[in-house]
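**Student:** Got a sequence here, can you model it:
(chains A and B)
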Amino acid sequence: MSESHNDAFVAFDRVQKSYDGVSLVVKDLNLNIAKGEFLTMLGPSGSGKTTCLMMLAGFETATNGEIRLDGTNINMVPPHKRGIGMVFQNYALFPHMTVGENLSFPLEVRGMGKSDREAKVARALDMVQMGAFANRRPAQLSGGQQQRIALARALVFDPKLVLMDEPLGALDKQLREHMQFEIKHLHESLGITVVYVTHDQGEALTMSDRIAVFNDGRIQQLAPPADLYERPDNSFVAGFIGENNKLPGTLEELSGDKALVRLATGELIDATPVNVTQKGQQTLVSIRPERVEFKTGMMPPGAHMIGAEVLEVIYMGDILRTRLRVAGSDDFVMKCRNTQGQTRLSPGEQIKVGWHPQDARALDPI
Amino acid sequence: MADMSAPAGGLLTTSDGRPLKSALATAQKRAKRRAFLLVLPLLAFIVITFIVPIGQLMHQAIYNDGFSANMPRMTAWFAETPPGTEPDDAAWEALALDLKDAAAARSVGVVGTRVNYEMSGTRSLFTSTARGAARFEPPYRDALLAADEKWADPNLWGTMRQVSDAYSANFFLAAIDMTRDVNGKIVPMPEERQIYVSLFVKTFLLAGLITFTCFLLGFPIAHLLATLPMKWSNLLMILVLLPFWTSLLVRTTSWMVLLQQQGVVNNTMVALGIISEDGRIQMIYNQMGTIIAMTHILLPFMILPLYSVMRPIPPSYVRAARSLGATSWTAFRRVYLPQTLPGVGAGSLLVFILAVGYYITPALVGGASGQLISNLIAFHMQSSLNWSLASALAALLLGAVLVLYWIYDRLVGIDNLKLG
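**Tutor:** Have a look, this model is predicted:
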């Protein structure tokens, strides 16, 4: 075992997975998860994130590589001996048992005595504020209540690791946001390790310590939420997390952490080089809509600004979403905060836009 | 809320003042009438071809006018005199004249058969006496006794008194191996003639056994059907349904080819040296044949309800149980199996009820020991022509099935049934 794995609670070591022997669903996955961490696997459907979770839970076997839990290889350990709590997408509460029986089930199969069981079940139900519902059937509960019960059931036998497979997918927006905080608080108060799978980037950003962005069977970037959002490593991550303007161009100058990119229409813009290495290279510059400025006073001295035409202004309450024509493309978006005294732009107006060089990231072209 | 009519005295009214309930009824009348007209053809069909014949059958079980319709004078005399009365001159006259009329109307056989049901060996007494009835002269007592001494038998007169009432529970008694003695007391049949109760018991035991084997064989298949990828499960489904598309006779006959003593299975086993030439196993024309063939025929009725219940059970339930620490066996027993119970109940009830009333397969492959109660009902319908006894047996079978259905409802609940 190499040095770096010693402090990892969960470790994927060169894990590969194939279902048909022809193509790989998970390609060379290396991932270490620390004890007490909240790690989210984020990605579009078919990116391999759920497969990774299922391999960790023991419902799928890794075709190659090793999965370690607390230092021991668990490749051949059957799911019921892994001691991992799991919350399923559709809760998977046993419909023929009451809430109390559902929670009691994991304790019963562990041979725990009746009085201990009752005490633990009551404690777990109180933890999710569902103490009064022990005698109900799952079908009598609302989606949010079922979600809480599923959570309590996954936690009742004190697992060190809890896996969650898109647990909030079936809830409405308001309840989902509420549950996000509740899960986050449970994680903090219990000190458990959570591996969370979702395709909802907002959910991932809100809850996680670190996010692993999956695409095409690989981790594209593994970073804390703020890094992921502000400093995406490649075009996929930039495009997948949040809204994002993309300007294709050629690298004109490259010096240290500064780059000058010439767009197809001839304008020059500033950017921070991320995964470009040499002059003349094709690149895709990514800028967040809320980092675009149109007031010259806000720009650092010497920064380049380029001409833009206002196409549309959508009033969204807290922000004004302005669509611009920039460098020949019609879908450049600028978000202006709706503050007192904010300049109101109108369609057809000609303006100049720019940004701080560190907010524009020159990435690999897609 | 000005436009909302206030509930005066708790009764809601519409905006123009009509009571809400009657307004609703009017609004729905058309739809209700149309729905009724749509089901009317089927309702009529069921009433004519199902309810009415079953009603007639039930009636037949307690009503037989073979004696009373053809012996009016005797029937009248029995009605006037109390039970146990010695036959007087009026009685002998009534008997002689009735026999004469019955002989002329060629209905004396019916009368003899009716009496014969209750007292065997009497049919020929009636027919032979009736042949000379045209020449009977008073005193009729001597004339009749001259024709046959047996007319003096008080048991015969007791029996005739019993059958003179067209309504009788005697067929039901016969169906449960009971009979009445001369005094009308209910007593068990002589031991050598008790066949129906043991046959009922055997029928229910065999049906239960067939249901159980269907469950054992059908459960894994249904599970496979529900979990295989669509491409394979469709193919398997065709195999399951294949028996439905083959004639019952063809299927039964192929079992004969396979299972008879000189058949494929025995030949193969002899060839492989598993059994010796003399040790060929009798697998058909006995109970075993009935069980094998009926299990095969009724298997789809078990598989389909099971499949329809298993299909929507998501694999995440068993996975959840496994992740919570259950072994695969515990997960199956505690989580999967209980969720399939509605299908198990529906399939078992369906197979059991079909098996209890099955007729053609036991008749073809059952031999002597594999006959069920329905074969005996068929015998009484077709050969012995004792329709009343056949009806009584059928009514008992129907009653027993309904009782089982009721018990099932009490134990499991009929709402838990899922047929598809």
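
**Student:** Paired strands for the lowest-mean-pLDDT helix or strand in chain B, with orientation please.
**Tutor:** Using mean pLDDT, DSSP states H and E, the weakest-scoring helix or strand in chain B turns out to be strand B:178-180, at a mean of 84. With DSSP bridges as the test, strand B:178-180 is paired with strand B:186-188 (antiparallel).

**Student:** Report the mean confidence score over the partner strand.
**Tutor:** For strand B:186-188, mean pLDDT rounds to 87.

**Student:** Over to stretch A:308-324?
**Tutor:** 91.

**Student:** that older thread, run through who's touching the least confident helix or strand of chain B.
**Tutor:** B:118, B:162, B:170, B:173, B:186-189 (C-beta atoms under 8 Å, 6 or more residues apart in numbering or on different chains). Using the backbone N, CA and C atoms, a C-beta is placed for each residue, glycine as well.

**Student:** Selecting buried members of the residues you listed in ChimeraX, what would you type?
**Tutor:** Selection of the buried residues among the contacts of strand B:178-180 in ChimeraX, burial being defined by 16 or more other C-beta atoms under 10 Å in any protein chain shown:
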select /B:118,162,170,173,189
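
**Student:** Closest one of the contacts of strand B:178-180 to chain A?
**Tutor:** In terms of C-beta to the nearest C-beta, no member of those lies closer to chain A than residue B:173, at 46.4 Å.

**Student:** show me what contacts that closest one?
**Tutor:** Taking C-beta under 8 Å, 6+ apart as the test, what residue B:173 contacts is B:179-180, B:186.

**Student:** got it, and residue B:95?
**Tutor:** Residue B:95 sits in contact with B:71, B:73-74, B:87, B:140, B:144, B:151, where contact means C-beta under 8 Å, 6+ apart.

**Student:** switch to 10 Å and redo it
**Tutor:** Neighbour list for residue B:95: B:71, B:73-74, B:77, B:87, B:129, B:133, B:136, B:140-141, B:144, B:151, B:157, B:160 [criterion: C-beta atoms under 10 Å, 6 or more residues apart in numbering or on different chains].

**Student:** Correct me if wrong: residue B:124 contacts residue B:115.
**Tutor:** No: with contact defined as C-beta atoms under 10 Å, residue B:124 does not reach residue B:115; the gap is 11.0 Å.

**Student:** which one of the two has more residues nearby?
**Tutor:** A count of neighbours by other C-beta atoms under 10 Å in any protein chain shown puts residue B:115 above the other of residue B:124 and residue B:115, at 22 against 12.

**Student:** Can you tell me the SS state at that one?
**Tutor:** Using DSSP: H, G, I helix; E, B strand; the rest coil, the secondary structure recorded for residue B:115 is helix.

**Student:** Could you measure from it over to residue B:381?
**Tutor:** 21 Å (C-beta to C-beta, to the nearest Å).

**Student:** so how far is residue B:294 from the nearest residue to residue B:374 once chain neighbours are set aside?
**Tutor:** In space, residue B:374 comes closest to residue B:359 once its chain neighbours are excluded; the distance is 4.3 Å by C-beta to C-beta, 6 or more residues apart in numbering or on different chains. To residue B:294, residue B:359 is 11 Å away according to C-beta to C-beta.

**Student:** so what's in contact with those two at the same time?
**Tutor:** With C-beta under 10 Å, 6+ apart as the test, residue B:359 and residue B:294 both reach residue B:372.

**Student:** The two - which one has more neighbours?
**Tutor:** The neighbour comparison of residue B:359 against residue B:294 (other C-beta under 10 Å) goes to residue B:294, with 29 against 14.

**Student:** next one: phi and psi at that one?
**Tutor:** Backbone torsions of residue B:294, given as degrees, to the nearest 10, read phi -70, psi -30.

**Student:** Okay, and the beta partners of the spatially closest residue to residue A:345 that is not a sequence neighbour?
**Tutor:** Excluding its sequence neighbours, the residue lying closest to residue A:345 (C-beta to C-beta, 6+ apart) is residue A:310, at 4.8 Å. For residue A:310, the beta-bridge partners are residue A:324 (DSSP bridges).

**Student:** list the contacts for residue A:310?
**Tutor:** A:294, A:322-325, A:334, A:345-351.

**Student:** Show the buried residues in these.
**Tutor:** Counted by 16+ other C-beta under 10 Å, the contacts of residue A:310 give A:294, A:322-324, A:334, A:345, A:349, A:351 as buried.

**Student:** from those residues, which single one is nearest chain B?
**Tutor:** Of the buried ones among the contacts of residue A:310, the one sitting nearest to chain B (C-beta to the nearest C-beta) turns out to be residue A:323, at 42.8 Å.
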